[in-house]
Every structure is written in C-alpha cells, then in structure tokens.
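> Okay, structure incoming, though there's no sequence with it:
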C-alpha cells in the first residue's frame with residue numbers, strides 16, 4: 001500500500017486547511033493512520049491518529065481542540081482538518097500507517113510523502 005498526502009499551502013494565521021491522506025488500496029480494519037509534522041530545524045512530532053475500524057482518535061496536546069482527524073473508509077482516505085492555524089503549525093505534514101494504536105513514529109512502517117503547510121501573515 002502507498003499513501004499520498006495532499007492539501008498543504010500558504011495560509012494566514014487563524015485560517016484553516018484540510019489535508020488528505022489517500023491510500024492506494026483498501027486498508028485492513030485494524031489499520032491506524034497517523035499524521036506527523038516536522039518544522040524546519042526541529043524533530044518530527046506526532047499530530048493525530050485514527051483507527052480505521054472504530055474511528056477512535058488521539059491528538060497531540062498542541063493541536064487538541066483545533067485539529068480534527070477523520071476518515072472515509074469507502075474512499076480509503078483520512079483527513080486532517082486544521083482550524084485556527086498558528087505560525088507554529090508551519091511544517092511538512094506526513095501521514096503514515098501503523099498496525100497499533102501508537103503515537104510513536106517508530107510504530108509506523110508505511111509513510112507517504114509530506115505536504116508543506118506554511119502559516120504566515
């Protein structure tokens with residue numbers, strides 16, 4: 001399976017963006033899709049994840065209440081709605097697939113290419 005992230009762009013502070021992570025084929029029901037981001041000069045950090053079967057979600061504290069992760073099983077796609085964006089949200093966002101409900105990047109074996117989100121006035 002391959003993952004493709006899209007939807008990044010340049011937005012002003014306070015704006016919103018929705019990222020998409022499309023899988024090339026149907027995922028197992030136990031699959032977990034996670035979003036991670038890496039800002040320039042910083043380490044990659046966990047953002048949010050969702051389990052395909054149950055829709056159970058988990059968020060990093062830095063985005064909780066602003067970002068919403070969702071899924072469309074029929075479309076094999078996971079979305080990340082990012083509201084009230086801040087300059088600190090500027091990063092390359094990548095989606096990845098794991099088999100366990102885990103926020104550690106090491107649990108994810110399949111990664112898509114990243115999409116750049118820039119929040120600036």
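Received it, and whenever you're ready, just let me know what you need. A quick note: this is a predicted structure, and the numbers were derived from the prediction, not measured.

> Any buried residues in stretch 70-78, and which?
Buried residues in stretch 70-78, counted by 16 or more other CB atoms under 10 Å: 71, 76-78. In short, each C-beta sits where N, CA and C put it, glycine included.

> What are the neighbouring residues in contact with the residue sitting nearest the centre point of the chain?
Centroid-nearest residue in the chain, with CA atoms, centre = their mean: residue 35, separated by 2.6 Å. Neighbouring residues of residue 35 by CB atoms under 8 Å, 6 or more residues apart in numbering: 19, 21, 46-49, 69, 78, 80, 93-95.

> Tell me which entries of the residues you listed lie within strands.
Among the contacts of residue 35, DSSP state E puts 19, 21, 46-49, 69, 78, 80, 93-95 in strands.

> Quick one: buried ones out of these?
By 16+ other CB under 10 Å, the ones in strands among the contacts of residue 35 give 19, 21, 46-49, 69, 78, 80, 93-95 as buried.

> Now render those residues as CSV, adding pLDDT and distance to residue 104.
Shown next, in CSV, are these (pLDDT from 0 to 100; distance: CB to CB, whole Å):
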residue, pLDDT, distance to residue 104
19, 98, 21
21, 97, 18
46, 98, 7
47, 98, 13
48, 98, 14
49, 98, 10
69, 98, 17
78, 97, 18
80, 98, 18
93, 98, 17
94, 98, 14
95, 98, 15
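
> just those residues now: which is nearest residue 105?
residue 46 (7.0 Å; CB to CB).

> Can you verify my assumption that the closest one contacts residue 60?
Yes. Residue 46 lies in contact with residue 60 (CB atoms under 8 Å); the separation is 5.3 Å.

> Can you pull the residues that touch both of the two?
residue 103.

> Give me the phi and psi angles of residue 31.
phi -60, psi 150 (degrees, to the nearest 10).

> same question, residue 87
Taking degrees, to the nearest 10 as the convention, residue 87 sits at phi -50, psi -30.

> And it, how close does it get to residue 39?
Counting by CB to CB, to the nearest Å, the gap from residue 87 to residue 39 is 10 Å.

> For these two, work out which one has more neighbours and name it.
A direct count of neighbours by other CB atoms under 10 Å for residue 87 and residue 39 places residue 39 higher, at 14 against 11.
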